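Chemist: Quick one: sequence plus predicted model below, questions after.
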Number of protein chains: 2
Amino acid sequence: METLTPLDELVKALRCLPGVGPKAAQRMAFHLLQYDRAGASRLGAALQEAVQKVRHCERCNTFTEETLCALCQSPRRDASQLCVVESPADSLMVEQSHAYQGLYFVLMGRLSPLDGIGPKEIHLERLLKRASDGVVREVIVATNFTNEGEATAHYVAQLLHARGLKVTRLARGVPVGGELEYVDSGTLAQALRERRLVAD
Amino acid sequence: METLTPLDELVKALRCLPGVGPKAAQRMAFHLLQYDRAGASRLGAALQEAVQKVRHCERCNTFTEETLCALCQSPRRDASQLCVVESPADSLMVEQSHAYQGLYFVLMGRLSPLDGIGPKEIHLERLLKRASDGVVREVIVATNFTNEGEATAHYVAQLLHARGLKVTRLARGVPVGGELEYVDSGTLAQALRERRLVAD
């Protein structure tokens, strides 16, 4: 077996990044070595550090380097609301909306039987236990509005309903700033079905 | 100043990769931590190793961890031919054609005045010195057929001509396996202009 040069090894290792094929890996390696060795060093150290230190929050399953993440530790959050999302990126987006004060549970995935991702892989028994702590009164299912996200939401909602929990789902409809002419017909149909009274 | 968590630091460090913006960096970090910690470790180590060990060949300027790269060290290559390419990826492609037995000079870039890349940044005085060693008899300019690559080829060719060296450029025309119907008109025009006699 031929031993790889450090350059070959780097090109090969870059392939672990999602969406990076052989040509892109080569281009990245050349770019770093030619123009950004400081960045490459820093990335190398950051990878080692993150792999060593980052684990999952014991309560909400998101990434953290403590036993509990900062949000789960915060006394200012409303512990009666639990928002279920697919990924830490999704909870960040919800946080950025400044419209939610409750806590989260991060599935770290979605049901996808064809890819072998079942209820166990997305930690549904942990979610059930978490949601049944006696404090949570409403679970907001905020999985994506893709086919897989919807299927996951349906499954999660059934499980939680069976435990007598109140389960809600994010509203669907025309996005803020949306022009009807450019909204897809599925969204428009949903917005019609879920129309609300204007006056109260 | 807030200290970054290892995860934030990783997301930020991933931005040094070409073409990777904030969303992609976040997606990559989450993917690695969730599904491929071994790959992340290996990439971290490969980056550190490559930054430490990989330098430029003193003769042809390509990446290597020795003073001279394997090709420049090889006694089986024809030292009278020198092929000038923009990047190590280009010399790999020429090698894969199995049609060239000479040596290389890798510019590690192309002339691009708007980006501040002039003759000095692509090591043209080193190329001149290399090509004037008395052994090189023909310089094949194999920069890309883009505007910048063509401008670089023109500039390099003039410099080398002035030293009395024979300079050639890769032939342009219809690619092998190409169907005229689908070839762009610029390429077709060039192929007509550079047509050759069939019989000899």
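Modeler: The structure has been received and is ready for your questions.
Chemist: The lowest-mean-pLDDT helix or strand in chain A: which residues count as buried?
Modeler: Lowest on mean pLDDT, DSSP states H and E among the helices and strands of chain A sits helix A:185-193, with a mean of 88. Using 16 or more other C-beta atoms under 10 Å in any protein chain shown as the test for burial, helix A:185-193 gives A:187, A:190-191. Every residue, glycine included, has its C-beta placed from N, CA and C.
Chemist: before we move on, what about stretch A:100-113?
Modeler: For stretch A:100-113, the neighbour count (16+ other C-beta under 10 Å) marks A:100, A:102-112 as buried.
Chemist: now it: mean pLDDT?
Modeler: The average of the pLDDT scores along stretch A:100-113 is 94.
Chemist: Now the terminal residues of it, how far apart.
Modeler: Taking C-alpha to C-alpha, to the nearest Å, stretch A:100-113 runs 31 Å from one end to the other.
Chemist: for that stretch, the distance to its chain's centre please.
Modeler: Centroid separation between stretch A:100-113 and its chain, computed with C-alpha atoms, centre = their mean, to the nearest Å, is 6 Å.
Chemist: ok, and does it reach over to chain B?
Modeler: Yes - using C-beta under 8 Å from any C-beta of the partner chain, stretch A:100-113 reaches chain B at A:108-109.
Chemist: Kindly report the same for stretch A:126-134.
Modeler: No - applying C-beta under 8 Å from any C-beta, one finds stretch A:126-134 separated from chain B by no less than 15.1 Å.
Chemist: hang on, residue A:105 in a helix?
Modeler: No - counting by DSSP: H, G, I helix; E, B strand; the rest coil, residue A:105 is not found in a helix; it is strand.
Chemist: For it, list each beta-bridge partner.
Modeler: In this entry, residue A:105 is beta-bridged to residue A:84, by DSSP bridges.
Chemist: Now do the contacts for it.
Modeler: A:60-61, A:82-85, A:126-127, A:130-131 (C-beta atoms under 8 Å, 6 or more residues apart in numbering or on different chains).
Chemist: can you map out the helices along chain A?
Modeler: A:6-14, A:22-35, A:37-53, A:70-73, A:88-96, A:124-131, A:147-162, A:185-193 (DSSP state H).
Chemist: Which residues does the shortest one contact?
Modeler: This means helix A:70-73. Residues contacting helix A:70-73 (C-beta under 8 Å, 6+ apart): A:57, A:59-60, A:62, A:64, A:66, A:77, A:91, A:103-104.
Chemist: Looking at that helix now, give me its mean pLDDT.
Modeler: 95.
Chemist: Pull the distance from that helix to the chain's centre.
Modeler: Centroid separation for helix A:70-73 versus its chain: 17 Å, with C-alpha atoms, centre = their mean.
Chemist: And the contacts of residue A:105, which two are furthest apart?
Modeler: The largest separation in those, counting by C-beta to C-beta, is between A:83 and A:126 at 15.3 Å.
Chemist: ok, these two, which is more surrounded?
Modeler: Legend: neighbour count by other C-beta atoms under 10 Å in any protein chain shown for residue A:83 and residue A:126, higher for residue A:83 (22 against 17).
Chemist: hang on, the earlier thing: mind putting the helices of chain A into TSV with distance to residue B:37?
Modeler: Shown next, in TSV, are the helices of chain A (distance: least, C-beta to C-beta, whole Å):
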stretch	distance to residue B:37
helix A:6-14	13
helix A:22-35	19
helix A:37-53	5
helix A:70-73	22
helix A:88-96	16
helix A:124-131	20
helix A:147-162	24
helix A:185-193	38
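Chemist: ok, and which of the ones you listed has the densest surroundings?
Modeler: Stretch with highest mean neighbour count among the helices of chain A: helix A:6-14 (a mean of 22; mean count of other C-beta atoms under 10 Å in any protein chain shown).
Chemist: what angle sits between that one and helix B:37-53?
Modeler: 150 degrees (axes from the mean of the first three to the mean of the last three C-alpha atoms, to 10 degrees).
Chemist: Can helix A:6-14 be said to contact chain B?
Modeler: Yes - Helix A:6-14 comes into contact with chain B (C-beta under 8 Å from any C-beta), by way of A:6-7, A:9-10, A:12-14.
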